[in-house]
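Enquirer: 3D, please:
(chains A, B, C and D)
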There are 2 protein chains.
Amino acid sequence: MSESAVEQSKLLIREAGLRATPARVATLNLLQKSSSPLTHAEVAEHLSKTGVDKATAFRALNDMTEAGLLRRTELGDRVWRFELIGEGEHEHLGHPHFVCVDCGQVSCLGDIKLNQRSLSTSTQIGRITEILLRGQCVECL
Amino acid sequence: MSESAVEQSKLLIREAGLRATPARVATLNLLQKSSSPLTHAEVAEHLSKTGVDKATAFRALNDMTEAGLLRRTELGDRVWRFELIGEGEHEHLGHPHFVCVDCGQVSCLGDIKLNQRSLSTSTQIGRITEILLRGQCVECL
DNA sequence: GTTGCAGATGCAATAGATTTGCATTAAGTT
DNA sequence: AACTTAATGCAAATCTATTGCATCTGCAAC
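Expert: Take a look at the predicted model:
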């Protein structure tokens, strides 16, 4: 972990109105390196190597989510997953996710458009903030 | 609850290879009347009025799901929801759901098509079995 | 209609993920 | 360096769902 990455994380955390504690910096840097969302447990296990309690890890994730640094999603397996919100991504719809119901693999998808016509038939939908697809990945098919 | 509805439920349950017990019949009839998926807790509470234990309610739901009578989904709030699988719907993709992240209201949607082009860019997706949209309903917007 | 037994139920205990209370510690300001 | 308040550690508590086990009951066969 480069010095600058740590410093940059500290800045991000402080800008969000939180104290830049080691647990939070480590969490942020871990998520930065990950290509897919990580679970509470995965982050907690990683942090426990440096003596951080799991409750602290959970709080770091939740606090940073509330502060707008992370995005928290539930992908169908009853476990929260967290990922970094990219620069300038705040105002946009988060990207869709695909979860393999067999192996649990999670992929972040690019831009997926929904058929507008079919959406308009449901008067209940006000605004869509998240799209989740479940199924089997190519390896599990 | 009409006599015939009860008898029809019993038949459905037996055809699925399960015993037509009061708890299962009541569960099936309850889901039949509901326009959106019900949670474990909601079904259990309803059944508890007639003295049915919550473990029994949970087992009734899980057993009938395994037997192919119900569909079980997790819509992002860490709670299982169940809905009746309609006649002849077995072989099809279950319909998409929309969940309001504010009030928790769940709506069943009709046919929603995804942009094929965007899907093909992800090599990880083998087969999609479920589509979930989250956001705010018109009332919570 | 009675019988027999595998499947179903009730109750309590357990599991797994996440949260919370509270005393202690430490980040960041002055 | 001191101070104020947020953050942490640890344990206990929540919440949803599941399971063990003794008891009961559909329902198919007599």
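Enquirer: quick one, longest strand in chain A?
Expert: strand A:125-137 (DSSP state E).
Enquirer: Now do the buried residues in it.
Expert: In terms of neighbour count (16 or more other Cβ atoms under 10 Å in any protein chain shown), strand A:125-137 has its buried residues at A:125-126, A:130-137. All C-beta spots, glycine's among them, are computed from the backbone N, C-alpha and C.
Enquirer: Same question for stretch A:17-36.
Expert: Buried residues in stretch A:17-36 (16+ other Cβ under 10 Å): A:18, A:20, A:23-31.
Enquirer: Pull the most distant pair out of those.
Expert: Within the buried residues of stretch A:17-36, two members stand farthest from each other by Cβ to Cβ: A:18 and A:30, at 16.4 Å.
Enquirer: ok, back up a step: now the buried residues of strand A:125-137 in TSV, with pLDDT and distance to chain B?
Expert: Formatted as TSV, these follow (pLDDT from 0 to 100; distance: Cβ to the nearest Cβ, whole Å):
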residue	pLDDT	distance to chain B
A:125	84	5
A:126	85	4
A:130	84	4
A:131	86	6
A:132	86	4
A:133	87	5
A:134	86	4
A:135	85	4
A:136	85	5
A:137	85	5
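Enquirer: Just list the residues touching residue A:85, thanks.
Expert: A:68-71, A:94 (Cβ atoms under 8 Å, 6 or more residues apart in numbering or on different chains).
Enquirer: quick one: low-confidence ranges for chain A?
Expert: Counting by pLDDT under 70, chain A shows low-confidence ranges at A:1-3, A:88-94, A:115-123.
Enquirer: Domains of it: list them as residue ranges, please.
Expert: Listed domain ranges for chain A are A:1-90, A:93-141 (source: automatic domain parsing).
Enquirer: need the residues of chain A near chain B, please.
Expert: A:73-74, A:76-78, A:98, A:100-101, A:105, A:107, A:109-115, A:118-119, A:121-141 (Cβ under 8 Å from any Cβ of the partner chain).
Enquirer: restrict the residues you listed to those near DNA strand C?
Expert: Near DNA strand C, taking Cβ under 7 Å from any atom of the strand as the test, the members of these found are residue A:78.
Enquirer: Pull out the buried residues from stretch A:8-17.
Expert: A:9-10, A:12-13, A:16.
Enquirer: Run the contact check for it versus DNA strand D.
Expert: No. Using Cβ under 7 Å from any atom of the strand, we find that stretch A:8-17 stays clear of DNA strand D, coming within 7.7 Å at best.
Enquirer: do that stretch and DNA strand C meet at all?
Expert: Yes. Stretch A:8-17 comes into contact with DNA strand C (Cβ under 7 Å from any atom of the strand), by way of A:10, A:13-14.
Enquirer: Go through those and name the one nearest DNA strand D.
Expert: Among the residues of stretch A:8-17 next to DNA strand C, residue A:13 lies closest to DNA strand D (Cβ to the nearest atom of the strand), at 8.2 Å.
Enquirer: The closest one is in contact with residue A:69, isn't it?
Expert: Yes. Here residue A:13 reaches residue A:69: they are 7.1 Å apart, a contact under Cβ atoms under 8 Å.
Enquirer: Of all residues in chain A, which one is nearest the centre?
Expert: Centroid-nearest residue in chain A, with Cα atoms, centre = their mean: residue A:83, separated by 2.1 Å.
Enquirer: I'm done for today, thanks for sticking with me.
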